[in-house]
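> sharing a sequence plus its predicted fold:
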Amino acid sequence: MKIAIINKSSASDAAIAGVADAMGVYLNQFVCNDYERQPVDVYVEDPATQPAEIVHPDIIPCYVFEQPGPTELGILAYHDSQKGCAFIRAFLSVIPNRELLRDPAGRGASLCGAMLHDAAETVIDTSARLYVDAKFSDPRTGASFGQVALEICDPVQDDAWSWPKNGLAYDMPNYVKPAWFLWDSPPSSFDHMGLLAAPLTMRPGGYLIARAEDGGEQVVDARRTSRIAHEVSAATWRAAHRAAGPGGRSTRRDYP
């Protein structure tokens with residue numbers, strides 16, 4: 001698998017090259033290792049020579065735009081699939097203070113943090129439509145669900161650690177590990193940063209998408225202001241956006 005970063009924003013080439021290096025380390029040393037995935041080749045594609053659209057089953061384009069499109073307003077970044085091929089989009093103008101590499105608040109609200117977040121979730125589920133069987137109960141309402149979306153960064157999306165290189169610091173988003181999806185898991189490491197004490201729980205600012213037996217989807221959040229203060233809820237937008245896609249999410253009946 002390859003991820004081709006295509007910069008169509010005002011972010012400098014040097015910044016994007018640094019993000020590409022950070023993404024390679026993040027995916028290959030941490031995410032792919034924990035989820036037993038094959039290594040990912042991350043590189044920067046020259047936008048002058050890159051075709052208008054990359055549609056390839058083995059190459060995931062990660063576009064960095066200055067502004068979101070009309071149907072993407074308020075969204076920091078997202079991943080999806082089209083024609084059976086995955087893609088990632090990030091929007092520099094939506095990043096708080098246009099932070100490129102490291103959110104000084106430690107919440108991952110940077111261009112680097114956003115791109116790595118969606119790259120990790122894309123590598124684990126290129127379709128952006130898979131669910132995992134998991135007995136989840138909404139702690140606020142008591143509603144029960146039988147499945148949760150296979151999104152590994154969303155439940156802990158407001159936590160990140162720093163990766164240093166050449167005197168600079170890059171955001172690396174926290175993510176949940178495979179044991180997090182096992183509702184009956186014994187004590188274990190449920191997220192990379194070791195902040196969660198139990199499976200199927202969330203950190204403040206995190207969320208998950210749960211599905212009931214009747215197929216109904218619900219966004220369950222941890223009830224703290226999201227890192228991105230916009231009128232459009234990223235969680236609600238993502239759920240609606242994917243549900244509206246061809247076929248919506250499909251069901252995964254095993255664990256990641």
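Nice, I can see it. This structure is a prediction, so every number in the text was calculated from the model and none was measured. Numbers count the residues shown, from 1 in each chain.
> quick check: which ranges of the stretch 1-150 of the chain have low pLDDT?
Counting by pLDDT under 70, the ranges of the stretch 1-150 of the chain that qualify are 50-55.
> quick one: the helices in it?
Along the stretch 1-150 of the chain, counting by DSSP state H, counting those that start in this stretch, helices occupy 13-25, 32-35, 111-124.
> identify the residues contacting the second one?
Taking contacts as Cβ atoms under 8 Å, 6 or more residues apart in numbering, the residues outside helix 32-35 that touch it are 38-40, 123-124, 152, 177-178, 192, 256. For the C-beta atoms, the positions are set from N, CA and C on the backbone; glycine is no exception.
> which one of the residues you listed has the most neighbours?
I152 (27 neighbours; other Cβ atoms under 10 Å).
> for that residue, list the residues it contacts.
With Cβ under 8 Å, 6+ apart, I152 has these contacts: 31, 35, 120-121, 124, 175-176, 256.
> can you give me how far the helix or strand where A169 lies is from the chain middle?
Element membership of A169, judged by DSSP states H and E, is strand 168-173. Strand 168-173 sits 15 Å away from the centroid of its parent chain (Cα atoms, centre = their mean, to the nearest Å).
> try stretch 70-80
12 Å.
> which of the contacts of I152 lies closest to Y63?
The nearest member of those to Y63, counting by Cβ to Cβ, is E121 at 15.8 Å.
> contacting residues around the closest one?
Contacts of E121 by Cβ under 8 Å, 6+ apart are 79, 128, 151-154.
> partner residues bridging the closest residue to P47 other than its chain neighbours?
Of all residues not flanking P47 in the chain, I6 sits nearest, at 5.3 Å (Cβ to Cβ, 6 or more residues apart in numbering). Assessed by DSSP bridges, I6 has beta-bridge partners E45, Y63.
> how many neighbouring residues does I6 have?
Neighbour tally, I6, other Cβ under 10 Å: 19.
> for L27, see how far away it is.
Separation of I6 from L27 (Cβ to Cβ, to the nearest Å) stands at 17 Å.
> please apply the same query to A134.
24 Å.
> try D154
17 Å.
> what's the answer for V44, then?
15 Å.
> neighbour count winner among the two?
For V44 versus L27, neighbours defined as other Cβ under 10 Å are more numerous around L27 (24 against 17).
> what sits against the residue lying closest to that one once chain neighbours are set aside?
Take L27 and drop its neighbours on the chain: the residue closest to it by Cβ to Cβ, 6+ apart is V40, 4.7 Å away. Residues near V40 by Cβ under 8 Å, 6+ apart: 1-3, 24, 27-28, 32, 123.
> so where is the stretch 151-256 of the chain shaky, pLDDT-wise?
If you take pLDDT under 70 as the line, the stretch 151-256 of the chain has these spans: 223-256.
> now the contacts of V40 as CSV including distance to E99?
Putting the contacts of V40 into CSV (distance: Cβ to Cβ, whole Å) gives the following:
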residue, distance to E99
M1, 28
K2, 27
I3, 21
G24, 21
L27, 21
N28, 24
C32, 26
V123, 23
